[in-house]
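Colleague: sequence and predicted structure are below.
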Amino acid sequence: MTHAEKIVESMFVNDAFSQWLGIERLRIAPGICDLQMTVRAEMLNGFSIAHGGITYSLADTALAFASNAHGLKCYSVETSISHVKPVAEGDVLTTVVEEKSLSRRIGVYHITVFNQNSEAIAFFRGTVHRSEKSWEIA
């Protein structure tokens, strides 16, 4: 297991919400995080489509994993999402992370969430603060 994968594993085992979402980690590397999950009935809103918070949470988790995988503890300072297609029960969602900018203190990421038909269903933007605290992973 790489250092980046060990960091994300450490984060994931303490993240009950991401576990509840059913997130699977497909690929982890510094600045990269491909995640996947399947939308369940209890994730739907009153319109019988996925609650926007589900897609947001998946993308936010990808932001956290991708940014922290560099080895420094990172904290989001600004995020936003655009939902462009509805998401139904049974849809399989996958994230693709683009690290747009990385400096000593700030990281900027764009995350696209796709469905099982390779259709973009949401565009997420996130900015993180990069602390001076390193991940202490054996």
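Modeller: Perfect, thanks for sending it.
Colleague: note down every partner strand of the strand ranked longest in the chain and its orientation.
Modeller: Using DSSP state E to define each element, the chain has its longest strand at strand 120-134. When pairing is defined by DSSP bridges, strand 120-134 lines up against strand 72-83 (antiparallel), strand 106-114 (antiparallel).
Colleague: how far does it sit from its chain's centre?
Modeller: Centroid separation for strand 120-134 versus its chain: 9 Å, with CA atoms, centre = their mean, to the nearest Å.
Colleague: pull out the buried positions in that strand.
Modeller: 121-122, 124-128, 130 (16 or more other CB atoms under 10 Å). C-betas here are computed from N, CA, C, even on glycine.
Colleague: just the strands in this protein please.
Modeller: Applying DSSP E to the chain gives strands spanning 24-29, 32-38, 72-83, 92-102, 106-114, 120-134.
Colleague: nearest to His51, of those strands?
Modeller: Closest to His51 of these, according to CB to CB: strand 72-83, at 10.4 Å.
Colleague: for the most centrally placed residue in the chain, give its distance to Thr112.
Modeller: For the chain, the residue nearest the mean C-alpha position is Ala62 (1.7 Å; CA atoms, centre = their mean). Relative to Thr112, Ala62 is positioned 10 Å away (CB to CB, to the nearest Å).
Colleague: likewise for Asp60?
Modeller: Distance, Asp60 to Thr112, by CB to CB: 14 Å.
Colleague: those two: who's more crowded?
Modeller: Higher neighbour count among Asp60 and Thr112: Asp60, with 20 against 17, using other CB atoms under 10 Å.
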